[in-house]
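Enquirer: Need a 3D model of the sequence below.
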Amino acid sequence: MLFLLLLACDEGRRFISEQHTPSYSPTEAHAAEQIQRRLQKVASGAKQPTEIHFPAAHPKTMLVLEKTGSLIRYVEDHNGTYQRKNVMATLAVRSNSELGLLGIALHPDYVNNRRVYLHSNPKDGSLRSQISEWKIEDFDSWKVSRVRTILELEQPYANHNGGQIHFGPDGYLYVAFGDGGWRDDPHGHGQIPKPCWEASYAFNRHPIKRRPMLSLHPILLYKTQR
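Expert: Residues are numbered from 1 along each chain as shown. Below is the predicted model of the structure:
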């Protein structure tokens, strides 16, 4: 009875969604459907990686996000293998269910302004997605320091929170928030003709311009004014 009561309300569904961290395993394909492939290990040691990024102006550098909040730099050696060099930053994030440190984007002019953007689910406060701006201190250590929070979006549940962020050729930062979670999209977020259901964003010294976009999944576009 208690379980049914929990399922009947948003708070109960949110609680249940945060208690389960899914595990994934590949399914066996039929022989006729198998694809011939060859894998080559180029790096090791990452725990629950959620994204890898290769900075355009630093081809031997690989940036790896770990679900539990670490941003790690790897550098390619003469054998073509990427070796772990250092932890650039550690964020306090919720890492249960499908939450964590989920996305990274380097500003198109990062070589000059050194700006990096991260998509995460902060551990403190309410369940939400957060887009934060960071600055690379130098290109020797690649250590980063936090500049500001650009946007926060309340999430109804702990799954289906998107995570990807990318700069497009138009200079806008594309942010995917998913449909918010739970089964069968109970709030209808996956089919609404607007970019997101609720958001707050900061306009500081370097403002961000918002442009709406129609999408099957909530996406926000922001343009940095540098």
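Enquirer: Which strand in the protein has the most residues?
Expert: strand 144-154 (DSSP state E).
Enquirer: mind listing what that one pairs with, with the direction of each?
Expert: Partners of strand 144-154 in the sheet, by DSSP bridges, are strand 128-136 (antiparallel), strand 200-201 (antiparallel).
Enquirer: Helix, strand or coil: sort out Ser141 for me.
Expert: What DSSP: H, G, I helix; E, B strand; the rest coil gives for Ser141 is coil.
Enquirer: Mind listing the residues bridging to the nearest residue to it once chain neighbours are set aside?
Expert: Distances taken as Cβ to Cβ, 6 or more residues apart in numbering put Asn86 closest to Ser141, at 6.7 Å, once the chain neighbours are dropped. C-beta here means a position set from N, CA and C on the backbone, and glycine is covered the same way. Beta-bridge pairing of Asn86 under DSSP bridges involves Arg73.
Enquirer: So Asn86 sits against Arg73, correct?
Expert: Yes - counting by Cβ atoms under 8 Å, Asn86 touches Arg73, with 5.6 Å between them.
Enquirer: mind listing what the residue nearest to Ser141 touches?
Expert: By Cβ atoms under 8 Å, 6 or more residues apart in numbering, the contact set of Asn86 is Ile72, Arg73, Ser141, Trp142, Lys143.
Enquirer: just to revisit the earlier point, let me see the mean pLDDT of the longest strand of the chain.
Expert: Throughout strand 144-154, pLDDT has a mean value of 89.
Enquirer: Enumerate the positions of that strand that are buried.
Expert: Judged by neighbour count (16 or more other Cβ atoms under 10 Å), strand 144-154 contains these buried residues: Val144, Val147, Ile150, Leu151, Glu152, Leu153.
Enquirer: Identify the residues contacting the next helix or strand along the chain from that strand?
Expert: Downstream of strand 144-154, the first helix or strand assigned by DSSP states H and E is strand 165-167. Here strand 165-167 makes contact (Cβ under 8 Å, 6+ apart) with 103-108, 117, 119, 131, 173-176.
Enquirer: Go through those and flag which are in strands.
Expert: Checked against DSSP E, those include these in strands: Gly103, Ile104, Ala105, Leu106, Tyr117, His119, Ile131, Leu173, Tyr174, Val175, Ala176.
Enquirer: What sits closest to the fifth one if chain neighbours are left out?
Expert: Closest residue in space to Tyr117, ignoring its immediate chain neighbours: Ala105 at 4.7 Å, by Cβ to Cβ, 6+ apart.
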